[in-house]
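In: Here is my input, please return the structure:
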Amino acid sequence: MTEQIRDDRRAPVDRLAPDDSVAPDDDREIERALGGLQTSAPPTLLGATLAAVGLADAYATLDSPIGPVYVAFSRLGVSAIARADDPAAFEERFSEEHGRPAVPVPALPARLGRAIGRRLAGDRRARVPVDLRGATPFERDVWAKALEIPRGEVRPYGWVAAEIGRPRAVRAVGSALGRNPVPLVIPCHRVVRTDGRIGDYALGTPAKRAVLHAEGVDLQRLQGLADAAVRFIGSDTTRIFCLPTCRNARRIQPRHEVAFRSPSEADAAGYRACRVCRPVPAAA
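Out: Numbers count the residues shown, from 1 in each chain. Okay, the predicted model is just below:
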């Protein structure tokens, strides 16, 4: 009886033993066939996998009014737009600023690329999702206000500060715009110094001038008004005064233009503030 139990226990093992009918040459043939099925993983697979699970952001290059830029994106949206000497420099900077790696992919997702292209072309209805993890509420308020500035127009830092209810935070507004991770998409280039001069920009002042020029801003006129300390333009027919690049100001015929250096000067002359560009907060 004991012997029978031992035999039964060995039986399954016996059934799993190699089949003696398979010759060694046959085994090698199977191995060669399986080896032929192997293929190397594409070099972008690891990066794409890390990005898909949220452990890294993907990035690709995109043509813009200032030339190629690097655009990083996550599952939440665009997380960075920057210029860099090479991919390694961009990756290093991204890692320092965001605390996670950026990995290259061949191209932006088609829908995202089209949306960014439409936004850069001036379509404010184009929805570009952005990933602003880590931003403070103040920074978000500043960036949201910058999004309201129409293409082809500029607003002073003081205007942004007053519009978000922080009229004394002009320097803080400038710092927040300098930390904008997605310039061009969030148009911080449309914010200028309170005296009307161009000012600094995350992608460089020459790039700021180039983008504003591409959007139709008359930089020479803007500079001339700043040199003359003219901050507002009024119409002697409507008795309304505006910021110089306001669409209403651009409609004023030269013979009807009236220059003002302050809102109080305009008020004393019997002019009221434009309801479109809301110039009064700029001097608050």
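In: just the strands in the stretch 51-200 of the chain please.
Out: Per DSSP state E, counting those that start in this stretch, the stretch 51-200 of the chain has strands spanning 57-62, 69-73, 78-82, 102-104, 155-156, 191-192. These are given in chain order.
In: Now tabulate those in CSV and tack on mean neighbour count, mean pLDDT and distance to Cys277.
Out: Every C-beta, even on glycine, is put in place using the N, C-alpha and C of the backbone. Formatted as CSV, the strands of the stretch 51-200 of the chain follow (neighbours: other CB atoms under 10 Å; pLDDT from 0 to 100; distance: least, CB to CB, whole Å):
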stretch, mean neighbour count, mean pLDDT, distance to Cys277
strand 57-62, 21, 96, 31
strand 69-73, 24, 96, 29
strand 78-82, 23, 96, 27
strand 102-104, 21, 95, 38
strand 155-156, 24, 96, 8
strand 191-192, 24, 96, 13
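In: Compile these into CSV and extend it with columns for distance to Val258.
Out: Written out in CSV, the entries for those read as follows (distance: least, CB to CB, whole Å):
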stretch, distance to Val258
strand 57-62, 43
strand 69-73, 41
strand 78-82, 40
strand 102-104, 51
strand 155-156, 20
strand 191-192, 22
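In: Break down this structure into its helices, ranges please.
Out: Along the chain, counting by DSSP state H, helices occupy 2-15, 24-36, 45-52, 87-98, 110-120, 137-147, 157-163, 170-178, 205-214, 219-227, 263-268.
In: Check the average confidence over the shortest one, would you?
Out: Right, helix 263-268. Average pLDDT, helix 263-268: 95.
In: what does it contact?
Out: Outside of helix 263-268, the residues within contact range by CB atoms under 8 Å, 6 or more residues apart in numbering are 232, 234, 241, 260, 273, 279-280, 283.
In: From these, pick the one nearest Glu148.
Out: For these, the closest approach to Glu148 (CB to CB) belongs to Pro279, at 14.6 Å.
In: Could you list which residues are in contact with the closest one?
Out: Listed by CB under 8 Å, 6+ apart, the contact partners of Pro279 are 159, 232, 241-243, 246, 263, 273.
In: Distance of it relative to Thr245?
Out: Shown here: Pro279 relative to Thr245, a distance of 11 Å by CB to CB, to the nearest Å.
In: Quick one: mark the members of the contacts of helix 263-268 that sit in strands.
Out: Secondary structure assignment by DSSP state E places 232, 234, 241, 260, 273 of these in strands.
In: Without its sequence neighbours, what residue ends up closest to the second one?
Out: Going back to what we said before, that points to Gly234. If the residues on either side of it in the chain are set aside, Gly234 comes closest to Phe241, at 3.7 Å by CB to CB, 6 or more residues apart in numbering.
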